[in-house]
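In: take this sequence and fold it.
(chains A, B and C)
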Amino acid sequence: MANFDITSNVRDGMGPHGTKVGLLRVLGPAHVWALGVGIVLVGEYMGWNFAVGKGGAYAALLACWFAGILYTCVAMIDSEVTSTVAAAGGQYTQAKHIVGPLMAFNVGLYLVFAYTMLEAANAITAGYLVSVVSNMTGYAGTLDQRPFIVLVIMFLAWLNYRGVLATLTFNLVITAVAFAAIIVLFLSTSGILGGGIMQHAALFEGHELPYGWIGVLAAMHFGLWYYLGIEGTTQAAEEVRSPARALPFGTLAGIMTLLIAATLTWYVCSGVLPWEFLGDGVSGSVAPLFDTARLSGSDALVWLLGIGTLFATLASANGCINDASRAWFAMGRDKYLPAWFGAVHPKYRTPYRSILFLVPIALIFALGAPLDQVITFSILSGLLEYTFMPLNIILFRKKWPMGVIKRGYEHPFHPLPAITLLALCAITFFAVFLGYGTQLVAMIGFYIVVSLWFHFRRYRFVDRGAQFTMPWPRPQGY
Amino acid sequence: MAHYKPPVQGKLSQLVDVIVLVALTVGALFVPLWLHMAGSSKTVPAPVASPTWEALGQNAAQAKQYEALGYTPESAHDLILSRFDYSFTFGALVTMIVVIIAYYVLMLKFSEAEYRDVIAEKFGEK
Amino acid sequence: MQTWNYIEYLAWGLSILLGLYMVVDWVRTDTTYPEDVLTSSREGELEAMTEETFKG
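Out: Numbering: from 1, shown residues only, chains lettered A, B, ... in the order given. Prediction:
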């Protein structure tokens, strides 16, 4: 690779606007699926069970399905917009073209926040898993988890630095293993193969809805965790071979995979673990699928689910580094952030400065903050982003009605999904308010402060007309 | 509209911007922690003096799973009985709704003004 | 069980190595290539190329 001509315009990713070194277009639909599902699947291995704690097992199932509807809307809306606006940065670039610069800046920050926090949460969980393994193998002392947390972040950043194809192929393999582990656990404990150990009726007796119906609402907060991050598929837009086809396909296949995985996970865990234990993700069940395997009495299942949990955290952290760095890179390229971040590595063709910069940030969160705080910040940033999406699609259809521009995918029943999504977001805001209201207000306070900073200071460095890069006609009404 | 020519940002100025942003970010995460406002804590509203599985409201199947997980009624006491407090004041709810709606309205208004500039420069004045 | 203590050191060591690799490569890249090549990436190249082909 030493003597290739980086200014050659026959290489892909190059174009008429003067790109000499661009991101590499190498990914297929399977990578998109792996990116989307890989980030999210860890949610079935840990974290979703806080929903059980907030409202009981039935509430968690209802939250699982309502959040499933929410995310199906997200996936449909996202597929339409991103198959039309195919650029790194995903929702950030969409917002820039459809809503306006300040919204885009906020959306870009939601993305970086949600993913970097999630990456930190994954690294913390991976460190915890290593300490569990050390205890299982007879280590008597207290293992220092920090080197393993740091190693996870460093290794995955290195992988991302070296190129996107290897990164997402790695993700494809470990995500497939983690998903298969859930299926195997379901088949071998539900009674389909061999003896079943499910006892839902007996375990739910007397604890059907411990908080009443308000618990069902409250559970929506962590119901998001079953699927949080599926919208990240759009970040790969600039590296997919045919974005208009691969992105909708990968995203919609991803949400279907997750609906299955989430329901199976709820079924096996709630049929084995009592709800108080299952619902306490800090002092009770940190890794519910793993705990279910422990009670199955099969060593093979314990190992399989242990490996599945580890793989799921790695796949998720890996995808998060990929997505957060793409969003950060795209904002640098438009000078929403210092232009220095808009650089592409001439050999590996990755946004290497953004990847490097986010490493210490992730380390600060992973080593310095408690897990539930980190998860809540991730969920809140995600929630603000989902609230933006219906506004986005409504404006998109209004400014460029059907037929004006070519769309790779058109989602059905507009505006029903947008309205449904908005309503579910309102419910989730209320659910977060029950118990985490202070953080919600603190978080929005943060976004208001950075918005003012952007509007009055940062925006002066942004080229006005040039940031609109899509070859579309003038939007209607302007 | 005259074509807007953004100033080229120097290295030092770029660095300052990054530091500001990182400081704000870390602040948003850690200030609530320092002020002890973070996290929703569960409490045990009705403790049981000498807990048995029955007193903790557990039937035979539930007790069996707890024992399989390595718990005794004593060690499981706090885990089983702790609850969230979902009571809230009407004022707090209204505050939250106002803050969220104000945030999005602000966002859309500023964005709209900036967006009109972008479109005018990209496609020319009508 | 000293093994786990060695594994801890191993993890620290590997982290430092990987970090060093990235930092060294970053500095080398930044000094080898001019800044305008590194930051030459533009959004929407695919769309622009599709347009040019249409006009062809």
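In: how about low-confidence regions in chain B?
Out: B:1-2, B:36-40, B:126 (pLDDT under 70).
In: what about A:G89, how many residues nearby?
Out: If you count neighbours by other CB atoms under 10 Å in any protein chain shown, A:G89 ends up with 30. In short, each C-beta sits where N, CA and C put it, glycine included.
In: that one and A:Y336 touch, don't they?
Out: No. With contact taken as CB atoms under 8 Å, A:G89 and A:Y336 are classed as non-touching, separated by 9.6 Å.
In: what touches both of the two?
Out: Taking CB atoms under 8 Å, 6 or more residues apart in numbering or on different chains as the criterion, A:G89 and A:Y336 both touch A:G108.
In: looking at the stretch 101-250 of chain A, which residue is nearest chain B?
Out: In the stretch 101-250 of chain A, no residue comes nearer to chain B than A:A202, which is 3.5 Å away by CB to the nearest CB.
In: now do the residue nearest to A:A75 when sequence neighbours are not counted against chain B, distance only.
Out: Here the nearest residue to A:A75 in space, its sequence neighbours aside, is A:I255; by CB to CB, 6 or more residues apart in numbering or on different chains that works out to 4.3 Å. Relative to chain B, A:I255 is positioned 25 Å away (CB to the nearest CB, to the nearest Å).
In: tally of neighbours for A:I255?
Out: With neighbours defined by other CB under 10 Å, the count for A:I255 comes to 25.
In: cool, B:P45 as well?
Out: Summarising burial for B:P45: neighbours were counted as other CB under 10 Å, giving 9.
In: surely the residue nearest to A:A75 is within a strand?
Out: No. According to DSSP: H, G, I helix; E, B strand; the rest coil, the state of A:I255 is helix, so it is not within a strand.
In: how confident was the prediction at it?
Out: According to the prediction, A:I255 has pLDDT 94.
In: right, is stretch A:95-111 up against chain C?
Out: No. Stretch A:95-111 does not reach chain C (CB under 8 Å from any CB of the partner chain); its nearest approach is 9.0 Å.
In: that should have said stretch A:322-340, apologies.
Out: Yes. Stretch A:322-340 is in contact with chain C by CB under 8 Å from any CB, via A:330, A:333-334, A:339-340.
In: got it, and stretch A:138-148?
Out: Yes. Judged by CB under 8 Å from any CB, stretch A:138-148 comes into contact with chain C through A:138-141, A:143-144, A:147-148.
In: turn those residues into CSV, including distance to A:F357, neighbour count and secondary structure.
Out: Output for the residues of stretch A:138-148 next to chain C, formatted as CSV (distance: CB to CB, whole Å; neighbours: other CB atoms under 10 Å in any protein chain shown; DSSP: H, G, I helix; E, B strand; the rest coil):
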residue, distance to A:F357, neighbour count, secondary structure
A:G138, 41, 9, coil
A:Y139, 36, 17, coil
A:A140, 40, 8, coil
A:G141, 36, 11, coil
A:L143, 30, 20, coil
A:D144, 27, 17, coil
A:P147, 22, 22, helix
A:F148, 23, 24, helix
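In: which of those residues sit farthest apart?
Out: Farthest-apart pair in the residues of stretch A:138-148 next to chain C is A:G138 and A:P147; separation 19.7 Å (CB to CB).
In: for chain B, which segments are assigned as helices?
Out: Per DSSP state H, chain B carries helices over the ranges B:11-34, B:60-68, B:73-81, B:90-123.
In: identify the residues contacting the first one?
Out: Think helix B:11-34. Contacts of helix B:11-34 (CB under 8 Å, 6+ apart): A:113, A:337-340, A:357, A:361, A:364-365, A:368-370, A:373, A:377, A:438-439, A:442-443, A:445-446, A:449-450, A:453, A:457-458, B:9, B:38.
In: re earlier: quick one, phi psi at the residue of the stretch 101-250 of chain A closest to chain B?
Out: Backbone torsions of A:A202, given as degrees, to the nearest 10, read phi -70, psi -40.
In: just checking, it touches B:A63?
Out: No. The pair A:A202 / B:A63 is not scored as a contact, 10.5 Å apart, by CB under 8 Å.
In: now do A:A423: how many residues are near it, please.
Out: Other residues within reach of A:A423, judged by other CB under 10 Å, total 13.
In: report pLDDT for it.
Out: Per the predicted model, pLDDT is 95 at A:A423.
In: tell me which element it is part of?
Out: With elements delineated by DSSP states H and E, A:A423 resides in helix A:416-456, which encompasses its position.
In: that helix near chain B anywhere?
Out: Yes. Under the criterion of CB under 8 Å from any CB, chain B is reached by helix A:416-456 at A:429, A:433-451, A:453, A:455.
In: next, count neighbours for A:A300.
Out: When counting by other CB under 10 Å, one arrives at 11 neighbours for A:A300.
In: quick check: it vs A:F357, distance?
Out: The spacing between A:A300 and A:F357, counted by CB to CB, to the nearest Å, is 42 Å.
In: cool, B:V118 as well?
Out: 27 Å.
In: ok, B:F84 next?
Out: According to CB to CB, B:F84 and A:F357 sit 38 Å apart.
In: try A:A51
Out: Between A:A51 and A:F357 the distance, using CB to CB, works out to 34 Å.
In: so between the two, which is more surrounded?
Out: Here A:A51 and A:F357 are compared on neighbour count by other CB under 10 Å; more neighbours surround A:A51, at 33 against 21.
In: helices and strands around the helix or strand encompassing the more buried one, which ones?
Out: Using DSSP H and E, A:A51 sits within helix A:50-55. Packing contacts for helix A:50-55, counted by 3 or more CB pairs under 8 Å, 6 or more residues apart in numbering or on different chains; DSSP states H and E, involve helix A:57-82, helix A:213-223, helix A:275-279, helix A:416-456.
In: check contacts around the closest residue to chain B within chain C.
Out: Scanning chain C for proximity to chain B using CB to the nearest CB identifies C:E35 as nearest, at 10.2 Å. Applying CB under 8 Å, 6+ apart, one finds that C:E35 lies in contact with A:A343.
In: now it: how far from A:I361?
Out: According to CB to CB, C:E35 and A:I361 sit 23 Å apart.
In: do the same with A:L61
Out: Note on A:L61: its distance to A:I361, by CB to CB, is 36 Å.
In: over to A:G250?
Out: With CB to CB as the criterion, A:G250 and A:I361 are 28 Å apart.
In: my read: A:Y348 touches A:Y161, true?
Out: Yes. With contact taken as CB under 8 Å, A:Y348 and A:Y161 are classed as touching, separated by 6.5 Å.
In: between those two, tell me which one has more neighbours.
Out: More neighbours surround A:Y161 than the other of A:Y348 and A:Y161, with 23 against 19 (other CB under 10 Å).
In: next one: the helix or strand where the more buried one lies to chain centre, how far?
Out: Under the criterion of DSSP H and E, A:Y161 resides in helix A:146-162. Centre-to-centre, helix A:146-162 and its host chain are 18 Å apart (CA atoms, centre = their mean, to the nearest Å).
In: buried ones in whatever helix or strand comes next after it, by neighbour count?
Out: Downstream of helix A:146-162, the next assigned helix or strand under DSSP H and E is helix A:164-189. Going by neighbour count (16 or more other CB atoms under 10 Å in any protein chain shown), the buried part of helix A:164-189 is A:164, A:167-168, A:170-172, A:174-179, A:181-182, A:184-186, A:188-189.
In: what's the single longest helix in chain C?
Out: helix C:3-32.
In: after that helix, next one along is what?
Out: Elements were assigned by DSSP H and E; along the chain past helix C:3-32, the next helix or strand is helix C:35-38.
In: pull that following helix out as CSV, backbone CA atoms only.
Out: Output of helix C:35-38 as CSV, limited to C-alpha atoms (Å, rounded to 0.1, in the frame of the first residue of the first chain):
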residue,chain,number,x,y,z
GLU,C,35,-3.4,19.1,5.7
ASP,C,36,-5.5,20.0,2.6
VAL,C,37,-5.2,16.4,1.4
LEU,C,38,-6.2,14.9,4.7
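In: that one: how far from the chain's middle?
Out: Remark: helix C:35-38 is offset 15 Å from the chain centroid, using CA atoms, centre = their mean.
In: and it, which residues are buried?
Out: By neighbour count, and taking 16+ other CB under 10 Å as the criterion, the buried residues in helix C:35-38 are C:37-38.
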